[in-house]
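>>> Sequence first, predicted model second:
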Amino acid sequence: MSVQEDIERAQTQGTQVQTAAANQKILDAIRKRNADLEERQKQAKKDIKSKKEFYDIYIRELATGKGILGKNKGKKLSSTQLQQIRETAENLNKEIASLNKLIAQKPEVIKLPSATKPKTTSAKPAGPTGTVTLGATKTAEETAKKEADAEKKKASGDKTKTPPQAPITTVDGSFDPGSFRMGEEASMGATPPGTPKGKSDLDTLLAKTEFWYDLPDYLFRTVPKLGEILVKAVDEGWNEEKFLSAAKLTTWWQQNSAPIRTRIISRAKFDELRKAGEDTSKTEYALDTATIKRSVQSRARSLGANLDENAINQVVSRIYDGFLENDTVAIDSFIAPYIGKATSIVGNGLGGTLQPKGYSGQALQNYQALQAVAKANGLSIRDILPKFSVLPGQNLDDLVLQKLATGELDINRLAQDARNIAAQGTPDYVKGLLQQGYDLEQIYAPYKNVMAQILEINPDEIDLNDATLRSAIGQDKEMNIYDFKRALRKDNRWQYTENAREEVASSVLGVLRDFGFQG
């Protein structure tokens with residue numbers, strides 16, 4: 001055999017060994033993906049059970065209109081509570097559907113033709129339900145046997161030419177086993193030829209691929225211990241199970257529950273894909289936060305909060321990171337600081353006119369209720385607001401409404417405090433009624449109506465602090481209506497009434513008649 005023939009034989013055999021190794025890499029990758037799918041399906045079956053239980057409870061509450069769990073058990077739910085439950089149920093239903101889809105996903109099927117009949121085959125689309133077909137090649141064992149036989153013939157002086165080798169079979173299409181092998185080595189942490197084991201650098205590893213062991217670069221950079229484990233895992237060729245066993249011992253893993261870890265990872269993947277310019281609209285993080293954002297916007301309108309886009313995104317981020325989308329108290333506490341007056345535009349198109357700032361939603365209802373209870377007790381709203389310390393640029397009215405939204409203040413308590421303030425300096429009889437929940441407006445209503453009639457004025461124009469009105473109820477006794485009417489005729493305002501003029505005219509006419517003048 002000539003030198004050239006030996007060179008050609010060595011090249012052919014080397015290519016066959018490479019191709020066999022590449023095929024083995026493909027098989028290993030498919031098996032790994034199938035194993036990962038099986039693990040995710042197991043977890044999905046566990047998750048779907050608990051989600052289904054809560055979903056069934058929400059459906060029963062919506063059907064009956066009564067609470068089933070917690071402090072609302074057996075109680076009739078308000079329309080706001082039912083709307084929140086409906087939104088939560090719809091979100092759960094979507095999550096359950098997504099989990100069912102994952103559970104129904106089929107593993108990839110591996111099909112290898114007989115190695116004794118090499119042929120060119122087309123690669124069927126690989127995926128959850130696709131079949132991956134690999135072209136058959138000479139195995140490494142066959143190649144080794146051929147090499148041994150050739151060496152024996154060469155040693156015995158056999159000059160017979162090496163028969164032509166079977167063509168190297170490739171997979172039709174754009175798939176290249178060599179490129180696939182290089183990609184697999186990069187993603188699995190294979191050390192390039194010539195690189196000493198144990199000398200890997202974290203930054204170098206992270207530059208090779210976006211995700212290691214299905215974890216984003218973000219975690220390895222921000223959790224040093226995970227970065228150390230990654231370097232060791234790559235240098236020593238750990239499998240995923242061994243890597244996860246080591247990762248579970250880190251403080252980060254133990255401090256964050258499984259749902260929180262999942263969200264941290266999903267968010268980090270989203271950020272890295274976005275940074276790379278990839279489409280992120282269908283990622284788990286994007287879909288979850290979009291649902292949360294709609295709920296936040298709806299709740300903000302209900303509470304009367306004014307959040308711009310940046311503020312909404314900050315609230316959504318806190319809810320997502322804390323796994324708090326079903327915690328209405330926490331959500332309200334995030335939104336409440338944005339409750340305040342907003343300028344409204346009334347009118348059509350460019351002809352609209354700017355109106356003074358005002359409250360909206362639940363904040364407006366609470367503010368109007370406070371105004372009403374203050375007026376009903378002869379006070380201003382400033383008189384009844386708690387004296388909280390406010391920061392520069394902060395408004396006391398806004399702060400009180402924010403605390404009402406979060407439940408830190410009770411509007412019924414504020415109303416009773418207003419009555420207690422109004423009770424100061426009043427007769428014991430009036431104090432007693434105020435303590436029972438009556439307002440001064442209700443207590444003095446009979447006298448106020450008589451006063452409006454006698455003085456011929458609008459009842460709403462009579463201040464509850466009017467001295468004549470307050471004289472109707474003394475420390476010792478309550479004036480009867482007859483005596484109160486007599487007292488009103490001594491009020492300076494009575495002389496300007498029509499009744500006063502008629503009474504004076506009648507008196508003058510009586511005097512004239514007494515002197516003989518006939519009218």
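Cool, got the structure. As the structure is a computational prediction, the values presented were derived from the model and not from experiment.

>>> C-alpha only now, for contacts and for neighbours.
OK.

>>> Contact partners for residue 238?
Applying CA atoms under 8 Å, 6 or more residues apart in numbering, one finds that residue 238 lies in contact with no residue.

>>> Distance of it relative to residue 79?
According to CA to CA, to the nearest Å, residue 238 and residue 79 sit 55 Å apart.

>>> and if you look at residue 492?
Note on residue 492: its distance to residue 79, by CA to CA, is 54 Å.

>>> cool, and residue 409?
Computed as CA to CA, the residue 409 to residue 79 distance reads 22 Å.

>>> Who has more neighbours out of the two?
residue 409 (15 against 10; other CA atoms under 10 Å).

>>> ok, that one - contacts?
Listed by CA under 8 Å, 6+ apart, the contact set of residue 409 reads 400, 403.

>>> What segments of the stretch 151-300 of the chain are helices?
In the stretch 151-300 of the chain, the segments counted as helices under DSSP state H, counting those that start in this stretch are 177-187, 202-208, 217-222, 224-236, 240-247, 251-255, 258-275, 284-303.

>>> what comes into contact with the last one?
What it means is helix 284-303. Around helix 284-303, the neighbours that count as contacts under CA under 8 Å, 6+ apart are 87, 91, 263, 266-267, 270, 280-281, 306-307, 312-313, 315-317, 319-320, 325, 331-332, 335-336, 339, 360-363, 405.

>>> Stretch 76-95 too?
For stretch 76-95, the surrounding residues in contact (CA under 8 Å, 6+ apart) are 51, 55, 58-59, 61-62, 65-67, 291, 295, 326.

>>> most surrounded residue in those residues?
Highest count within those by other CA under 10 Å belongs to residue 58, 24 neighbours.

>>> so where does that residue fall, helix or strand?
Secondary structure from DSSP states H and E places residue 58 in helix 3-64.

>>> now for that helix, which elements pack on it?
If contacts are counted by 3 or more CA pairs under 8 Å, 6 or more residues apart in numbering; DSSP states H and E, helix 3-64 sits against helix 79-104, helix 140-155, helix 177-187.

>>> and those helices, which one's lowest on average pLDDT?
Per-stretch mean pLDDT for those is lowest at helix 177-187 (a mean of 41).

>>> Quickly list the domain ranges of the chain.
Domain assignment for the chain, taken from automatic domain parsing, gives 3-161+167-172, 201-275, 284-338, 351-435, 444-514.

>>> worst average pLDDT in those?
Taking the average pLDDT of each of the domains of the chain, the minimum falls on domain 3-161+167-172, with a mean of 68.

>>> okay, the contacts of stretch 76-95 in a markdown table with distance to residue 485 next?
Converted to a markdown table, these look like this (distance: CA to CA, whole Å):
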| residue | distance to residue 485 |
| --- | --- |
| 51 | 71 |
| 55 | 67 |
| 58 | 62 |
| 59 | 63 |
| 61 | 59 |
| 62 | 58 |
| 65 | 54 |
| 66 | 54 |
| 67 | 55 |
| 291 | 66 |
| 295 | 60 |
| 326 | 62 |
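
>>> now, among these, which is nearest to residue 245?
residue 51 (27.5 Å; CA to CA).

>>> Can you give me every residue that contacts the closest one?
Applying CA under 8 Å, 6+ apart, the residues contacting residue 51 are 92, 96.

>>> repeat for residue 274
Applying CA under 8 Å, 6+ apart, we find residue 274 in contact with residue 280.

>>> Return the distance of it relative to residue 225.
Look at residue 274 and residue 225: by CA to CA, they are 26 Å apart.

>>> How about residue 292?
Distance, residue 292 to residue 225, by CA to CA: 32 Å.

>>> just the strands in the stretch 351-500 of the chain please.
Secondary structure of the stretch 351-500 of the chain (DSSP state E, counting those that start in this stretch): strands at 353-354.
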